[in-house]
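> Any chance you can model this:
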Amino acid sequence: MVDHKRIDEATGTSTVGHEWDGIEELDTPMPRWWLWSFYATIVWALVYVILYPAWPLVNSATTGVLGWTSRGELEKEMRADAARRAPVVNAIAATPVADLTAKPELMRAAVQGGSAAFKVHCVQCHGAGGAGVAKLYPSLTDDDWLWGGDLASIAYTVEHGIRNPDHKATRTSLMPAFGRDGILDAKAIADVVSHIRVISRQEKPSASATRGATVFADNCAVCHGANGQGDRKVGAPKLSDAIWLYGGDRASLTATIDAPRNGVMPRWGERLDPVTIKMLTAYVYSLGGGEKLAPAPGAASAASEVKEPGANGQH
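Here you go, the predicted model:
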C-alpha cells in the first residue's frame with residue numbers, strides 16, 4: 001500500500017492521501033473546544049443514565065438512583081392542583097345539585113369544571129358547543145327536553161343514562177316499530193306523517209292529515225298526547241314544534257315511525273365521581289336550555305335526546 005500523505009507547504013498541515021483531479025484534502029484536526037464539548041456530552045450522558053430512568057426494559061425502565069419519573073412529577077402536580085381546588089370541590093359536593101343556582105359563585109365554578117369534563121366525555125356526540133352532531137345526537141342548547149331540563153332532572157339522566165340494558169334506574173322509553181312489526185301499513189304511516197307535519201306547522205291540512213289524525217289518536221296519543229304535546233312522565237317527545245332529532249321531513253318521519261332508532265346514552269355514574277356529575281349537570285344547564293322550575297311530580301329528568309316521533313325524542 002502506497003502512502004500518499006504529505007505535508008502541505010502552504011499550511012504546514014498533512015494531507016489525508018486522497019487526490020482527485022489535482023485536488024487534495026487536508027487532515028486538519030478538530031478544534032480543541034469542539035473535542036472537549038464532545039467529551040463533555042459523553043460524560044453528561046453517563047451521569048444521566050446513572051441518575052435518571054434511561055434504559056428501557058420489558059415492562060418498565062431503569063429507575064435511576066434519584067428515583068425521579070415524569071409520572072411521579074405529574075402525580076405531584078395533580079395532587080397540588082387537587083389541594084388547591086379542594087375547597088370548591090368540597091363545597092360543590094356538599095351542595096344539592098338543585099341548589100347550585102342559589103350560589104352564583106359556586107355555580108360558576110361548577111360550570112367551569114363541567115365544561116372541561118364535557119370536552120373529554122361528551123363532545124363526541126353532543127358537539128363542542130352542545131348543539132349535537134349531525135342528525136344523530138341531540139342538541140343541549142334548546143329548551144326541548146324529553147324528561148325535563150331542571151338541574152335535578154339533568155343530573156339524573158347524566159348519572160343513569162338512557163336505555164342502558166341491565167340498569168333499572170336508567171331512563172327508558174320505547175317507541176313501537178309500527179311499520180317493521182306490521183302494526184300499521186304504508187298508507188296509514190303516510191297519513192299519520194301528514195298529521196304530524198300539520199300539527200308541527202310544516203304542511204297545510206289535507207285529506208291525508210285528517211285520516212292521519214284518527215290513526216294518531218288510536219296509536220300515538222297515549223304517549224304523545226292528543227295534540228302531540230308530549231308527556232315527560234313516559235319520556236314521549238313533543239311533536240308540535242320544530243325541534244327534531246332525526247329530521248321532520250316526510251322521509252325522516254316515515255323512517256322513524258317504520259323502525260325507531262331508540263338511541264342510547266351512557267350512564268356516567270359508573271365512570272365519573274359525583275362531583276363531576278354535578279359539574280357536568282351545571283354546564284349542560286348553562287348551555288341555554290335549562291329550566292328554572294322543577295317538572296311536575298312524577299316527571300323525572302334528562303339531558304340527552306332531542307326528538308324522534310314516538311317515545312324517544314327531545315333531550
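
> contacts, neighbours, all on C-alpha from now
OK.

> Was I right to think residue 7 contacts residue 16?
No - judged on Cα atoms under 8 Å, residue 7 makes no contact with residue 16 at a distance of 9.6 Å.

> Give me the more crowded residue out of those two.
residue 16 (16 against 13; other Cα atoms under 10 Å).

> Am I right that the more buried one sits in a strand?
Yes - judged by DSSP: H, G, I helix; E, B strand; the rest coil, residue 16 forms part of a strand.

> My guess is it contacts residue 8. True?
No - with contact defined as Cα under 8 Å, residue 16 does not count as touching residue 8 (10.4 Å).

> residues near the closest residue to residue 209 other than its chain neighbours, how many?
If the residues on either side of it in the chain are set aside, residue 209 comes closest to residue 195, at 4.1 Å by Cα to Cα, 6 or more residues apart in numbering. Per other Cα under 10 Å, the neighbour tally for residue 195 reads 28.

> So what does residue 25 have for phi and psi?
Torsion angles at residue 25 (phi, psi; degrees, to the nearest 10) stand at phi -110, psi 130.

> residue contacts, it?
With contact set as Cα atoms under 8 Å, 6 or more residues apart in numbering, residue 25 has these partners: 15, 16, 17, 18, 19.

> Mark which of those residues are buried, thanks.
15, 16 (16 or more other Cα atoms under 10 Å).

> Mind putting the contacts of residue 25 into CSV with distance to residue 176 and pLDDT?
What follows is those, written out as CSV (distance: Cα to Cα, whole Å; pLDDT from 0 to 100):
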residue, distance to residue 176, pLDDT
15, 93, 88
16, 90, 87
17, 92, 84
18, 89, 82
19, 91, 81
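
> quick one on the thing from earlier: mind listing the shared neighbours of residue 16 and residue 8?
With Cα under 8 Å, 6+ apart, residue 16 and residue 8 have common neighbours residue 26.

> phi, psi of the residue most central in space within the chain?
Most central in the chain under Cα atoms, centre = their mean is residue 122, positioned 2.0 Å from the mean C-alpha point. Phi and psi for residue 122, reported as degrees, to the nearest 10, are phi -120, psi -20.

> how much space is there between it and residue 261?
20 Å (Cα to Cα, to the nearest Å).

> just residue 4 next, same as before
Between residue 4 and residue 261 the computed distance is 86 Å (Cα to Cα).

> Looking at these two, which has the bigger crowd around it?
residue 261 (16 against 10).

> Is residue 146 within a helix or a strand, and which one?
Assigned by DSSP states H and E, residue 146 falls within no helix or strand.

> Was I right to think it contacts residue 237?
Yes - counting by Cα under 8 Å, residue 237 is a contact partner of residue 146 at 5.5 Å.

> Let me see the contact set for residue 212.
Here residue 212 is in contact with 188, 189, 190, 191, 192, 193, 194, 195 (criterion: Cα under 8 Å, 6+ apart).

> which SS class is the fourth one?
Three-state assignment for residue 191 (three-state DSSP): helix.

> Now do the helix or strand bottoming out on mean pLDDT in the chain: which elements does it pack against?
Averaged element by element with mean pLDDT, DSSP states H and E, the chain has its least confident helix or strand at strand 15-20 (a mean of 84). Counting contacts by 3 or more Cα pairs under 8 Å, 6 or more residues apart in numbering; DSSP states H and E, strand 15-20 packs against strand 23-26.
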